[in-house]
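In: Everything below, folded, please.
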Amino acid sequence: MKKYKKLQEKVDGSLSEMKDEQLLRSLKAQTCQNKERKSPTPKRKWTWAFASVVSVVLICVISLVVWAPMIDQDGGQSGGIAGDASPPWSEEDPSPVPPPSNEDPIYIPDNESQVATSFEEVNSLTQFVDVYPLEGFSVNKYVDSVTGDVLYFVISGTNTATSETYTIKIIVNQYYKENGYEHDYNLQAPIGDQNMSYFEECERDSEGYYNYTTVAKIITSKERIFVQYSGVTHGAPNPFVTSIREILK
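Out: From the prediction side, this is the model:
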């Protein structure tokens, strides 16, 4: 019976130690759980800090979007907004000023306007050849009605004393497109310091009169001159060269 009693005491002691160890483990477990429950507190602090930073960044972005255009407008009142490629503006005329063009002007025949003028104006715009004033001859100036540019002059008339008729076209505008009369200019003669090329035709009538028709041109670096001539002689050669030398000097 003592043996059983001692065994019972050992068993009870062991159970007591086990209970004490289980109690300790249980207390440790509860302590760890309490620590784990309290550990999320720092996470909340980091969450609030991150949210604060994001809020500040958003406020800065919104401020830039709202105020930047207003700042650009205020700063661009005198010199224009940066990157603006619009044409310059005139202070007197609020409409845009077109940029200068490097292209040659183009003149349309429908825009040509005729104005009566004088030999003096013709000779003021020619450089290599002057026209001698002829009594009874008309002098007309042709200008572009859009730009006001002088294009050319036409001098025409008939010398009744010599039965000669002239039409002389003098182009003084280098941009005016005029190639002259298309003929085979197979003859040449000097006119002053210039060289004249010309073409002539002759018809003889039943009474022995010679009717000459001549087309000529003189091309200089300043002017282009085209001449239409008709004359009548009785058996004499064409007087055109001698006659034109008295007109163009």
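In: What are the contacting residues of stretch 131-142?
Out: Contact with stretch 131-142 is made by 112-119, 121-123, 150-160, 166, 168, 170, 246-249, as judged by Cβ atoms under 8 Å, 6 or more residues apart in numbering. Using the backbone N, CA and C atoms, a C-beta is placed for each residue, glycine as well.
In: So which of those residues sit within helices?
Out: Phe119, Glu121, Val122, Asn123, Glu246, Ile247 (DSSP state H).
In: In these, find the pair that's most separated.
Out: Glu121 and Glu246 (20.9 Å; Cβ to Cβ).
In: ok, these two, which is more surrounded?
Out: Glu121 (14 against 10; other Cβ atoms under 10 Å).
In: what sits against the more buried one?
Out: Val139, Lys141, Phe153.
In: in this structure, which spans are helices?
Out: 2-38, 41-75, 119-125, 240-247.
In: and the ones you listed, which one is worst for confidence?
Out: Mean pLDDT is lowest for helix 2-38 among the helices of the chain, at a mean of 52.
In: Show me the beta-bridge partners of the nearest residue in space to Val129 that is not next to it in sequence.
Out: Nearest residue to Val129, sequence neighbours excluded (Cβ to Cβ, 6 or more residues apart in numbering): Leu248, at 5.1 Å. With DSSP bridges as the criterion, Leu248 is bridged to Val131.
In: Quick one: neighbours of Leu248, just the number.
Out: 21.
In: mind listing what it touches?
Out: Per Cβ under 8 Å, 6+ apart, neighbours of Leu248: Val129, Asp130, Val131, Tyr132, Ile168, Ile191, Gly192, Ile218, Ile225.
In: Go ahead and confirm Phe226 touches Ile219.
Out: No: with contacts counted by Cβ atoms under 8 Å, Phe226 stays clear of Ile219, the gap being 9.3 Å.
In: which one of these two has more residues nearby?
Out: More crowded of Phe226 and Ile219, by other Cβ under 10 Å: Phe226, with 20 against 16.
In: so who does the more buried one touch?
Out: Ile168, Lys169, Ile171, Glu178, Gly180, Tyr181, Val215, Ala216, Lys217 are the contacts of Phe226 under Cβ under 8 Å, 6+ apart.
In: export those to CSV and tack on neighbour count and pLDDT?
Out: Listed next are the contacts of Phe226 as CSV, based on neighbours: other Cβ atoms under 10 Å; pLDDT from 0 to 100:
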residue, neighbour count, pLDDT
Ile168, 25, 97
Lys169, 19, 97
Ile171, 20, 97
Glu178, 13, 82
Gly180, 16, 72
Tyr181, 14, 72
Val215, 20, 96
Ala216, 27, 96
Lys217, 19, 95
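In: In space, what's closest to Leu187 - neighbours in sequence excluded?
Out: Tyr198 (5.2 Å).
In: any idea how far the one you found lies from Val232?
Out: 18 Å (Cβ to Cβ, to the nearest Å).
In: Looking at those two, which is more packed in?
Out: Per other Cβ under 10 Å, whichever of Tyr198 and Val232 has more neighbours is Tyr198, with 22 against 15.
In: was I right about that one contacting Ala216?
Out: Yes: the criterion here is Cβ under 8 Å, and Tyr198 meets it with Ala216 at 3.5 Å.
In: Against Thr214, how distant is the residue lying closest to Tyr185 once chain neighbours are set aside?
Out: Leaving aside its sequence neighbours, Tyr185 sits nearest to Ser197 (Cβ to Cβ, 6+ apart; 3.7 Å). Distance, Ser197 to Thr214, by Cβ to Cβ: 11 Å.
In: Compare these two (neighbour count), which wins?
Out: More crowded of Ser197 and Thr214, by other Cβ under 10 Å: Thr214, with 22 against 16.
In: Enumerate every residue touching the more buried one.
Out: Contacts of Thr214 by Cβ under 8 Å, 6+ apart are Tyr198, Phe199, Glu200, Glu201, Val227, Gln228, Tyr229, Ser230, Gly231, Asn238, Phe240.
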